[in-house]
Structure formats: C-alpha cells, structure tokens
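*Asks:* show me the folded form of this:
(chains A and B)
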2 protein chains.
Amino acid sequence: MTVVPVALGPAPDPLLSDAITRAGAAVVPLPDAHALVWAGNDPAEFPDELPDAVRWVQLPSAGVEAWFGAGVVQRRPDVQWTSAAGAYAATVAEHTLALLLAGVRALPEQASATTWRQQEFFDRVGTLRGSRIAILGAGGIGRALIPMLTAVGATVVAVTRSGRPVDGAAETVPAGRTDDVLARVDHVVVAAPATEATRHLLDRDRLALLHPHSWVINVARGSLVDTDALVDALRDKRIGGAGLDVTDPEPLPDGHPLWTLPNVIVTPHCSNPPSLRAPAYADHVAENVRRFVSGTQLLAPIDPAVGY
Amino acid sequence: MTVVPVALGPAPDPLLSDAITRAGAAVVPLPDAHALVWAGNDPAEFPDELPDAVRWVQLPSAGVEAWFGAGVVQRRPDVQWTSAAGAYAATVAEHTLALLLAGVRALPEQASATTWRQQEFFDRVGTLRGSRIAILGAGGIGRALIPMLTAVGATVVAVTRSGRPVDGAAETVPAGRTDDVLARVDHVVVAAPATEATRHLLDRDRLALLHPHSWVINVARGSLVDTDALVDALRDKRIGGAGLDVTDPEPLPDGHPLWTLPNVIVTPHCSNPPSLRAPAYADHVAENVRRFVSGTQLLAPIDPAVGY
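*Replies:* Sure, this is the predicted structure:
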C-alpha cells in the first residue's frame, strides 16, 4: 500500500505536518503531491499553478470570499477545494455568546464605571433567558451557537437559504422571510457567509425592524451589515447596541463613530485568534486527510457555484 | 374546605397577591394568617412579633445572613423559615457566565479601545472551551451555572460542604480539599452562602494557588473574598482578573482600587435586578404556597443551625 502524498504550504508547520502524518498520509514537496494543505492567509501567495496530480486543496479560512476574489478557486474547477468552515465554529460561537451577554448585561459600561451606580444599572441589566434570537446563516458557527443560547434559556430562530430545519433551533425560516423574523426577535446574530447575495443582508430597512432593546452581533464579515445605517440606528437609540468582531471597512479606521458610540463593542476580528486557530485547523486537517486517504466525503467542500 | 390564610408584607404587592391566590391560598391580614410572605429587603422592618398561628415565613432573599444578623430568624425557631434560594439562580448564573466570558475574551478593554489593536488582542483573547472551572458552593446558582459552562465546552469541579456528587459536574469535592482544587483549575466562581465558615473563603493563601490566567468571579457575597488580598493579586498580575457583582465593603466606595485596576469588572450587585427579580420571586412564592397548602416539603428551607 502506498502512502498518500500531501504537500503543505506556504511554509513548514510542525503542527500541520503532525496532523497530516497522524492521519495516515506523508508530507511531500508539491510536485509529488496528490493534495495540498494550505496555511497561508494571503491568496496572492497561493501557487499560480498546481500539479495535475493534485486532486484536493484545503484552504485555512472558514469564509473563502477572498480566495474567490483573487480567482484562486476558479483557476482549477476540476480540483476539490475545501474550506475550514466549521473548524473554528466553537470558538467563534463562544465569542458571539460573550458579546451578546456583555451587551444584554450592560458590562462595557459597568466595567468603565468608577462609582456604585446600582440604581442606574438595575434598569439596564437584561437577560437572554426567555428571549428569542435570530441567527442569520446557520452554518458551523450558528449551529455551534444554538446549544449555548439554549443553555441560557433563549430560543433560536435560524434563518437559512433553504429553510430546512436546523437541529436545536425552535424554528428554521428561509432567507426570503428574513423581514418577518427580524420584526419578532429580541436580538440578531449575523453568521452567514459573505457572498454577493449577502452583502448588506442587514440594510437600513431591516435594521429599522428591530426593537429598541435589540443587540446586533456580527461575527461573519463586515460587508453583511450596512455600517452607515447601523451607526444611525445606534446614534438614534433605535437598537440596543452592537457587538462587532468584523467591520466594514476593516480594519475600522481611527476616528470612526463605532469606536466611540456607547453600547458598541468592537473586537478587532479576534474571535478566533491564532492561539486557538492553529490547533483547531490542525484537527480539521487531520480529519480531512483521514477522509481523503479513505476516499470518503471531505468536510467543508467549497461549491464554486455559490461561492462558499 | 377552608382556604389557607397567608399574609403579605410589608406592603401590598399585586404580583405576589396574585401568586398567593393562584396557588390556592387567600391573602389576609397578619393577625389572621398561618403563613407570612415577606417582600421587604430590610430586616429592621420585619415584625417584632409573629402571631402564634404563623407556622411558615417566606423571606425574599436567596442569601439570608442579614436576617440572621438582625436576629429575625432566631426569634422564632419554632416557625419554618424559607429563603428565596434557587429562585434567582438562573439569572445570577447567566450574569456569572457573562462576567467570566467577558473576562476570558478581554471584552472590557476591547470595548474601551478606540483603534484597531488586533495583534495585541490576538494574545489576550482566550477561551472557556477545554477549561476547568471550580464552583465554590453548588447551591442554586452553581447548579444553574453548570449546564451553561458545559455548553461552552468547559468542565466543572464543584466544591461543596459534603462533597456529594452534583449533577453535571465532572467532579464534586468536599470543601476540605478546596486548596487542591484551586491549584488545578483555570477559573474560580464563588457561589457559596455567606456564613461564619465561608468568610474569606478565598483568602490570601488560596488566591496564591491560582494561575496567572485565572479569573475570579464572585456573585455570592463580598465577605467570601479577602478584598485586600484580591487587590494585591490583581496589582501584581498574579491572576487574570476579577468579575465582582458583590464587594466588601459594599457599596464599593469611590476611589477604591477595584474601580480602576485593569481586568476588573465590578457590577454593582445587579446580577438580579428588580425587573428580573420580582417575577422570579412571585413564581417561587406561588410554588411554596402550593406546597404549604398541600402540606408537602417547602423549597429552600432555612436551617438555623448552619445559617442558610
């Protein structure tokens, strides 16, 4: 039996080498490889040409719009591409829960207080218990988030392209009925992939459907929310607040109103920091190499037709 | 069949009147009552004498050390006293989770940032996933917290007086082995009742057992943590941070170092604000009146011998 040859790029990486070998494959130079596991974040560094023998490429990010934008995926439609969708889902879901709880419990303002403002915060501290939360896009992150929200007593309305029932959600609704959902939930989590179809998924009209106590959490991509409309809604106190791990533009420039508006928590795209990301990617790679070796369906296949 | 007569004090309260009547009892003046449901927070306002016919008193707080301190409970050891222990458990547990996640995810500092400090926060954002958390005292709050922590991938070591297994905890350890537990957990939640035995439960020696990344969350009573020792540990960065809904002294005076130390979140005893507290107490009262009427074991009986 020959050992399946897998290349690793753009640079040697002990954690990933170990993942590949413990999954039963061998790490080889790219010209000898049947698969390529990529660990670089910049699509411009990706090889212009892949050897004909390469049948599978693993990309390191969960959202792959940048790889489409640079034409990397389209150059070789005959190859099976996989993303890391799902690999970082648990940590990003945890960050989402942290942002939502911090918002509802008024923690940022309490953390910066320097005197005992109990009466004021009595009126500001809310609960997720008994609340209804829309998750726009129930991929890996959304699915990982559902049991966390359920554990604090919230119910979830999942909004997906198909509307096919999502495990653990009280309801799953097709994307065409997003407006109806937004009008009757307490909070909104944006966790959909960034595609042409999801640009400004939360636009001015949809933000206007939310309640004055609603928090908007975006852990997907900045482009899914209309930033100017969000700033206006926050300024006019038409929503409760926003927790943003991603922004548009990103990085958020100095002096942008989102830095100083109350009831906004910006975390600089760090829901999945390298320290948590590296071992999670290695586990994902190990599982996919195992599947590639045994010829079974790979995790997180990319569909060039839909862009993720 | 006569309807059980229950008094309500110190003032009329529609939510509680409704709870008492829907549980099958009647609201009557104290001289005619067999039970007293109390809604006031100040033990000094409690009646000096109770009619002989009163066999049960329901107090509105979960922690009842103030009622012992004022001698209220001791005056009538022949009466069955009950606390509201457990009634507010879910909301306080949610607050605990919010504080712990905010700490581990470095949210307070991120919320006050005004520029994109991604590299810095890459090194600061941690996770509860895979972490081990000690809960000191597994009463209502601790038990409500366990499934929330489990949902984010943490494991719980419950520390209780008896050490009898607590549902959902990976381990339950008797209080005599607290030191061993503190030395091998990532974070500590203080959720024990305030008694003579638990004063400075987290003292200087025990704080010294924690790790540099450990967060200390106190949602019980300020007296359970040695404040001066905590301030020193925070100043010297010997622990990761502290999330405190309760303090000693309380209210925390202006100018106290806890207000301005980084990595401290003080919430001014508002984990269970009146808006969440009132309906939760009414539900607790309704259940206990139902049990009193039917002669079954009441929720949250107070044991004068242990002080809670």
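
*Asks:* which residues of the stretch 101-250 of chain A lie near chain B?
*Replies:* Applying Cβ under 8 Å from any Cβ of the partner chain, we find that the stretch 101-250 of chain A lies next to chain B at A:101-102, A:104-105, A:107-108, A:110-118, A:121-123, A:125-129, A:147-148, A:150-153. In short, each C-beta sits where N, CA and C put it, glycine included.

*Asks:* narrow the residues you listed to those in strands?
*Replies:* Among these, no member falls in strands (DSSP state E).

*Asks:* among the residues you listed, name the buried ones.
*Replies:* A:101-102, A:104-105, A:107-108, A:110-111, A:113, A:116-117, A:121-122, A:125-128, A:147-148, A:150-153 (16 or more other Cβ atoms under 10 Å in any protein chain shown).

*Asks:* what about the top helix by length along chain A, average pLDDT?
*Replies:* In chain A, taking DSSP state H as the definition, the longest helix is helix A:274-294. For helix A:274-294, mean pLDDT is 95.

*Asks:* circling back: which of the buried ones among the residues of the stretch 101-250 of chain A next to chain B fall in helices?
*Replies:* Short answer: these in helices (DSSP H) are A:101-102, A:104, A:107-108, A:110-111, A:121-122, A:147-148, A:150-151.

*Asks:* residue A:254: how many residues sit nearby?
*Replies:* Neighbours of residue A:254 under the rule other Cβ atoms under 10 Å in any protein chain shown: 9.

*Asks:* what helix or strand is the closest residue to residue A:100 other than its chain neighbours on?
*Replies:* Take residue A:100 and drop its neighbours on the chain: the residue closest to it by Cβ to Cβ, 6 or more residues apart in numbering or on different chains is residue A:217, 5.3 Å away. For residue A:217, the host element (DSSP states H and E) is strand A:215-218.

*Asks:* what strands flank that strand, and is each parallel or antiparallel?
*Replies:* strand A:187-190 (parallel), strand A:241-244 (parallel) (DSSP bridges).

*Asks:* among those, which comes closest to residue B:37?
*Replies:* strand A:187-190 (34.7 Å; Cβ to Cβ).

*Asks:* give me the contact list for the closest one.
*Replies:* For strand A:187-190, the surrounding residues in contact (Cβ atoms under 8 Å, 6 or more residues apart in numbering or on different chains) are A:96, A:100, A:104, A:128, A:131, A:133-137, A:142, A:145, A:182, A:201-202, A:210, A:214-220, A:224-225, A:240.

*Asks:* tell me the secondary structure at residue A:167.
*Replies:* Of the three states, residue A:167 takes coil according to DSSP: H, G, I helix; E, B strand; the rest coil.

*Asks:* any idea how far it is from chain B?
*Replies:* Between residue A:167 and chain B the distance is 14 Å, computed by Cβ to the nearest Cβ, to the nearest Å.

*Asks:* flag the shaky bits of chain A, pLDDT-wise.
*Replies:* A:1 (pLDDT under 70).

*Asks:* picking that back up, how far away from the center of its chain is the strand holding residue A:217?
*Replies:* Mean C-alpha position of strand A:215-218 versus that of the full chain (Cα atoms, centre = their mean, to the nearest Å) differs by 13 Å.

*Asks:* beyond that strand, next helix or strand please.
*Replies:* Next along from strand A:215-218, by DSSP H and E: helix A:227-235.

*Asks:* quick one: buried residues of that following helix?
*Replies:* Within helix A:227-235, judged by 16+ other Cβ under 10 Å, the buried ones are A:227, A:229-231, A:233-234.

*Asks:* since we're on residue A:78, how many residues are nearby?
*Replies:* 8.

*Asks:* contacts only, for the residue nearest in space to the middle of chain A.
*Replies:* Computing the C-alpha centroid of chain A and ranking residues by Cα atoms, centre = their mean puts residue A:220 first, at 4.1 Å. Applying Cβ under 8 Å, 6+ apart to residue A:220 gives the contacts A:63, A:137, A:141, A:190-194, A:246.

*Asks:* and of the residues you listed, the nearest to residue A:283?
*Replies:* residue A:141 (16.5 Å).

*Asks:* Three-state assignment for that closest one, please.
*Replies:* helix.

*Asks:* how much space between the closest residue to it other than its chain neighbours and residue A:245?
*Replies:* Distances taken as Cβ to Cβ, 6+ apart put residue A:191 closest to residue A:141, at 4.4 Å, once the chain neighbours are dropped. Distance check for residue A:191 against residue A:245: by Cβ to Cβ, to the nearest Å, it reads 11 Å.

*Asks:* give me the common contacts of these two.
*Replies:* With Cβ under 8 Å, 6+ apart as the test, residue A:191 and residue A:245 both reach residue A:219.

*Asks:* picking up where we left off before, separate out the buried members of the contacts of strand A:187-190.
*Replies:* A:96, A:100, A:104, A:128, A:131, A:133-137, A:142, A:145, A:182, A:201-202, A:210, A:214-220, A:224-225, A:240.

*Asks:* which other helices and strands does the helix or strand where residue A:99 lies contact?
*Replies:* Taking DSSP H and E as the criterion, residue A:99 maps to helix A:89-104. Counting contacts by 3 or more Cβ pairs under 8 Å, 6 or more residues apart in numbering or on different chains; DSSP states H and E, helix A:89-104 packs against helix A:140-151, strand A:187-190, strand A:215-218, strand A:241-244, strand A:264-266, helix A:274-294, helix B:89-104, helix B:107-111.

*Asks:* great, nothing more from me.
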